[in-house]
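**Q** Got a sequence here, can you build the structure:
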Amino acid sequence: MEDKKLTEKESLEVITSMIARTKARYLGSGNILLMWGYLAVFTSISVWILLAATQQNVWNWLWFAIPVIGMPLTSIMARREKRTDGAVTYSDKITSHLWSIFGVSEIVLTFICLGFSLIGGIKCWTAMTVYTLIAAPFAEIAQGLIVKEKSLTWGGIVGLAIGMVLVCCVTGKIPLLANWFMPLFILFWVVMMIVPGHIINHKAKKG
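**A** Here you go, the predicted structure:
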């Protein structure tokens, strides 16, 4: 028995249905975005205050609290959503892979920066900040386009604009002073994670 070939119309309907299911799943999962957003903002404020109060660079190690806390929580929250939302769609896998690639590349870059610091005494941790503020928005914009969620797309666009400002500052050798850089960094996480997260959860309650 020959396999039935889908017509162009049927193929479009399958793709549209898949995107709709993925969007419906994400409309109920703003909590993951909120977790990352508030975790990053809280960590940023804590580091800012502690550095200003003590003038000790050791507090910069607190930045690692973001991935150390965020990655396990994301895994737990994602598993709970899969149990309640049913089968994972192809669009789900694409968006998941986008953020997985970003996460793995962040880990690789961390070890590279650590290697430069320990072996050559070269401090290049700014590369972590620059990469985060450029790569994360690209992943969010792609996710927003895939699931057709404007809050993600526009949040990513604004985040990317902030990242580009940072790139220009670094290449132009403008010092990243805490009194303007930290508020900008916090704003990045607000527009990228917190605002879209609340919008998505609000839509879920309405729908």
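
**Q** Break down this structure into its helices, ranges please.
**A** Taking DSSP state H as the test, the helices found in the chain are 8-26, 30-54, 65-85, 90-120, 126-147, 150-171, 178-189, 195-206.

**Q** What degree of burial does residue 133 show, as a neighbour count?
**A** When neighbours are defined as other CB atoms under 10 Å, residue 133 has 23 of them. Where you see a C-beta, it was placed from the backbone N, CA and C, and this is true even at glycine.

**Q** Mind putting the helices of the chain into CSV with mean pLDDT?
**A** Formatted as CSV, those follow (pLDDT from 0 to 100):
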stretch, mean pLDDT
helix 8-26, 47
helix 30-54, 91
helix 65-85, 77
helix 90-120, 83
helix 126-147, 90
helix 150-171, 94
helix 178-189, 91
helix 195-206, 85
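
**Q** Number of residues surrounding the closest residue in space to residue 71 that isn't next to it in sequence?
**A** Counting by CB to CB, 6 or more residues apart in numbering, residue 103 is the residue found nearest to residue 71 once chain neighbours are left out, at 6.8 Å. Neighbours of residue 103 under the rule other CB under 10 Å: 16.

**Q** what about residue 103, distance to residue 156?
**A** According to CB to CB, to the nearest Å, residue 103 stands 16 Å off from residue 156.

**Q** Repeat that for residue 167.
**A** As judged by CB to CB, residue 167 and residue 156 stand 16 Å apart.

**Q** When the two are compared, which one has more neighbours?
**A** Taking neighbours as other CB under 10 Å, residue 167 and residue 156 compare with residue 156 leading, 23 against 12.

**Q** quick one: contacts for the more buried one?
**A** 136, 137, 138, 139, 140, 141, 142, 143, 144, 192 (CB atoms under 8 Å, 6 or more residues apart in numbering).

**Q** got it, and residue 117?
**A** 123, 124, 125.

**Q** got the contact list for the second one?
**A** Same thing as residue 124. So residue 124 contacts 113, 116, 117 (CB under 8 Å, 6+ apart).

**Q** What of residue 132?
**A** Residues counted as contacts of residue 132 (CB under 8 Å, 6+ apart) are 106, 163.

**Q** Buried ones only from the contacts of residue 156, please, as a ChimeraX command.
**A** A single ChimeraX command selects the buried members of the contacts of residue 156 (16 or more other CB atoms under 10 Å):
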select :136,137,139,140,141,142,143,144,192
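
**Q** Need the contacts of residue 156 in TSV (columns: distance to residue 61).
**A** Output for the contacts of residue 156, formatted as TSV (distance: CB to CB, whole Å):
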residue	distance to residue 61
136	21
137	25
138	27
139	25
140	27
141	31
142	31
143	30
144	33
192	23
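
**Q** Tell me the one of the contacts of residue 156 nearest residue 58?
**A** Residue 58 has its nearest neighbour among the contacts of residue 156 in residue 136, at 25.9 Å by CB to CB.

**Q** Quick check: the gap between the closest one and residue 179.
**A** Using CB to CB, residue 136 is found at 24 Å from residue 179.

**Q** again with residue 126
**A** Residue 126 is 17 Å from residue 179, where distance means CB to CB.
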